[in-house]
Every structure is written in C-alpha cells, then in structure tokens.
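Novice: show me how the following folds:
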Amino acid sequence: MQLHEFKQKNKIRKMRIGRGGKRGTTSGRGTKGQKSRSGRVIRPAQRDLILRIPKKRGFRNKPFSEKARAVSLSELSAIQGPITAESIARAGLSRRGQRVKILGNGTITKPVEVRGVSVSESAKLKIEKAGGSVRA
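Specialist: This is a model prediction of the structure:
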C-alpha cells in the first residue's frame, strides 16, 4: 500500500479565509489591522480600553455600571423586617446583587427600617412620616 492509495477519513475541509474566492481578496475581513489577520485574539481588557476611547465628537461614553432598579413605596409593604437590597431581591422585586433605589410612588402605612439602599427624597419623607427610619 502506498501513500496515494489511502482513503481520506474526513471529507469536510477547513475554510481558508482571505485567499481569494467569491468574497474578493480580503474575503469580507476589511483591509489591514488586527481583525483582518489570522490568529487574532482581542483580550477583554483591551476591548474595554477601546470602548472607552471617544469615537465621535459630542457623544459621551456609555457607563459600564447598570442602572439601579426602581422600587416604589407601595411594593415595600409585602416585605417583613428591615428593608435591605437582599430582602428586596428575596421578595422578587429585583435580581440578587442588583442596585436598588426606593422611589416615593404610592403610600406606606406601617413603620419600616431601610438599611443600605438608596432612597429618593420624597420616599424618605413618607417613610419617616409613617414612623420608619432610613440609614445609608
């Protein structure tokens, strides 16, 4: 048996991009730069730096932290005990680890203790009027 008599096991060939063909000379990769080369690896740390560079005049960079979840005062009445970010997540009003801000929508009748959650000015007044307290 000789080398040319062996049967090929896998019929599927690996695509070789960037060598002509129907997509032209660059094969849809654009011209030059790291993304057009073979074996490119853009690491996440560098990607964050690239995102922070201002691209266009007059446009601000997007913040990396996600916005706080707004919770109204009327939704807090179902929670027992002191109100923290964890107790709000247990009640199903936000996700675990998500920032929460209590807004002054609705009314509250029972006195509650709010700890470690950001509170709007109107919500703080309503909580203290009902006999509760707010601690940062």
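
Novice: which residue ranges of this structure form strands?
Specialist: Per DSSP state E, the chain carries strands over the ranges 69-72, 100-103, 113-115, 118-119, 133-135.

Novice: in a markdown table: those strands, plus distance to Asp48.
Specialist: Where you see a C-beta, it was placed from the backbone N, CA and C, and this is true even at glycine. Putting the strands of the chain into a markdown table (distance: least, C-beta to C-beta, whole Å) gives the following:
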| stretch | distance to Asp48 |
| --- | --- |
| strand 69-72 | 24 |
| strand 100-103 | 26 |
| strand 113-115 | 33 |
| strand 118-119 | 26 |
| strand 133-135 | 35 |
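
Novice: looking at the ones you listed, which one is packed in the most?
Specialist: Mean neighbour count (mean count of other C-beta atoms under 10 Å) peaks for strand 100-103 among the strands of the chain, with a mean of 20.

Novice: show me the contacts for the residue most central in space within the chain.
Specialist: Nearest residue to the geometric centre of the chain (C-alpha atoms, centre = their mean): Glu66, 6.0 Å. Taking C-beta atoms under 8 Å, 6 or more residues apart in numbering as the criterion, Glu66 is in contact with 98-99.

Novice: what residue ranges in this structure are flagged as low confidence?
Specialist: Counting by pLDDT under 70, the ranges of the chain that qualify are 13-25, 58-64.

Novice: how does it look with 90?
Specialist: The chain contains residues with pLDDT under 90 at 1-68, 73-81, 85, 93-98, 105-111, 135-136.

Novice: what about the nearest residue to Glu121 once chain neighbours are set aside, how many residues close to it?
Specialist: Spatial nearest neighbour of Glu121, excluding adjacent residues (C-beta to C-beta, 6 or more residues apart in numbering): Gly104 at 7.7 Å. Using other C-beta atoms under 10 Å, Gly104 has 17 neighbouring residues.

Novice: what about Gly104, distance to Gln98?
Specialist: 20 Å (C-beta to C-beta, to the nearest Å).

Novice: how about Ala78?
Specialist: Counting by C-beta to C-beta, the gap from Ala78 to Gln98 is 18 Å.

Novice: give me the more crowded residue out of these two.
Specialist: A direct count of neighbours by other C-beta under 10 Å for Ala78 and Gln98 places Gln98 higher, at 14 against 9.
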